[in-house]
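1. next one to model:
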Amino acid sequence: DEDTNALGTTDCDIFFADRDGDTHGKPGDSRCYCEASGVYSAADHDDCDDGSARTYPGAAYEESPTDCMKDADSDGFGDSSASAPIIPGLDCDDSLPMVNPDVNEDCDTPYDDNCDSDTNNENAEFCDDFFADRDADGFGKPGDSKCYCEARGVYTETDDDDCDDSSYHTHPGAAAEDSSTECMKDTDGDGYGDTSPSSGIDAGSDCDDGNSFRNPGVRERCATGYDDNCDGETNDINASGCSNVYTDNDGDGYGDSDDAECRCTTTPTYSFGV
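-> Numbers count the residues shown, from 1 in each chain. Sure, this is the predicted structure:
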């Protein structure tokens, strides 16, 4: 019987080997037939790996319809670790179809879903709101948040209860001696809040928030000359450094020795003399 498709027949066509069945031929491996025969079935010779059915021009169609790439997981993106003559693509894990530049980052996975070298993208799937804490006091600023898998940059707090995110000394519980929850300013760190803070900050009971020795928790001192304990009085009974004064109802400068108080100075009805 005469073979109508014998190798080298007159007017034959070149067919390239396609051993991996991807319809793309292997360069340098061809035979001339009237029609495809066996593995010699491809009319072109543009395959960069004839041992892989997932490696050929256009395999990574999301990246290029012509570049010869490897797409083992069939997600449309080429293997980023491929080497010549295969053209590297953008897929950082070519074994997982849900890992490629076209997917949204997922906080519940331990790997980089979208191949951007970041596992903590803003607005990733299942992200949480983190509020800005620019003063690093551990409390977030209301209305200033971003959704991340975990804290990032200044976005570190899951609450939004800071009344002044520009002051480390102003936050809920800052003035613990006044309140463990109210948002107060305590610049001098004595545990008492400023009595005259700016708008939005709760007022405390510290009449001088720049002096830690002045607050309602200290004892009045005669030597300072100012109101140490913020009670509006500089002449408290039994203040530190006080002296006995005696009742002097008749104003003659001599007091009743049986009626004494320890004060910094005399009063209209008390004198130092007895």
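2. give me the distance between the two termini of stretch 109-118.
-> Length of stretch 109-118, first residue to last, Cα to Cα, to the nearest Å: 12 Å.
3. report the buried residues of it.
-> Thr109, Asp112, Asp113, Asn114, Cys115 (16 or more other Cβ atoms under 10 Å). Using the backbone N, CA and C atoms, a C-beta is placed for each residue, glycine as well.
4. repeat for stretch 94-104
-> Buried residues in stretch 94-104, counted by 16+ other Cβ under 10 Å: Asp94, Leu96, Pro97, Val99, Asn100, Pro101, Val103.
5. among the buried residues of stretch 109-118, name the ones in helices.
-> Nothing among those maps onto helices, per DSSP state H.
6. got any ranges where this structure has weak pLDDT?
-> 1-4, 7-8, 273-274 (pLDDT under 70).
7. quick check: longest strand of it.
-> strand 256-263 (DSSP state E).
8. next SSE downstream of it?
-> Going down the chain from strand 256-263, the next helix or strand is strand 270-271, by DSSP states H and E.
9. neighbouring contacts of that next one?
-> Val245, Tyr246, Thr247, Asp248, Gly253, Tyr254, Gly255, Glu261, Arg263 (Cβ atoms under 8 Å, 6 or more residues apart in numbering).
10. out of these, which is nearest to Cys222?
-> For the contacts of strand 270-271, the minimum distance to Cys222 (Cβ to Cβ) is 8.2 Å, reached by Arg263.
11. is it true that the closest one touches Asn235?
-> Yes - assessed by Cβ atoms under 8 Å, Arg263 is found in contact with Asn235 at 5.3 Å.
12. what about those two, which has more around it?
-> Arg263 (20 against 16; other Cβ atoms under 10 Å).
13. separation between the residue nearest in space to the middle of the chain and Lys146?
-> For the chain, Arg152 is the residue whose C-alpha lies nearest the centre (Cα atoms, centre = their mean; 2.0 Å). To Lys146, Arg152 is 8 Å away according to Cβ to Cβ, to the nearest Å.
14. partner strands of the longest strand of the chain, parallel or antiparallel?
-> When pairing is defined by DSSP bridges, strand 256-263 lines up against strand 243-247 (antiparallel).
15. still on that earlier bit, between the contacts of strand 270-271, which is nearest Ser83?
-> Scanning those for proximity to Ser83, where the rule is Cβ to Cβ, the winner is Arg263, at 91.7 Å.
16. contacting residues for Asp165?
-> Ala132, Asp133, Arg134, Asp135, Phe139, Gly140, Lys141, Asp144.
17. neighbours of the fourth one, how many?
-> To tie it back to what came earlier, the one meant is Asp135. Asp135 has 18 nearby residues by other Cβ under 10 Å.
18. hmm, Tyr168 and it touching each other?
-> Yes - using Cβ under 8 Å, Asp135 is in contact with Tyr168, at 4.7 Å.
19. excluding chain neighbours, what is closest to the residue nearest to the centre of the chain?
-> Spatially, and ignoring its direct neighbours in sequence, Arg152 is nearest to Asn120 (5.8 Å; Cβ to Cβ, 6 or more residues apart in numbering).
20. quick one, what contacts that neighbour?
-> Contacts of Asn120 (Cβ under 8 Å, 6+ apart): Glu105, Tyr148, Cys149, Glu150, Arg152.
21. much appreciated, bye for now.
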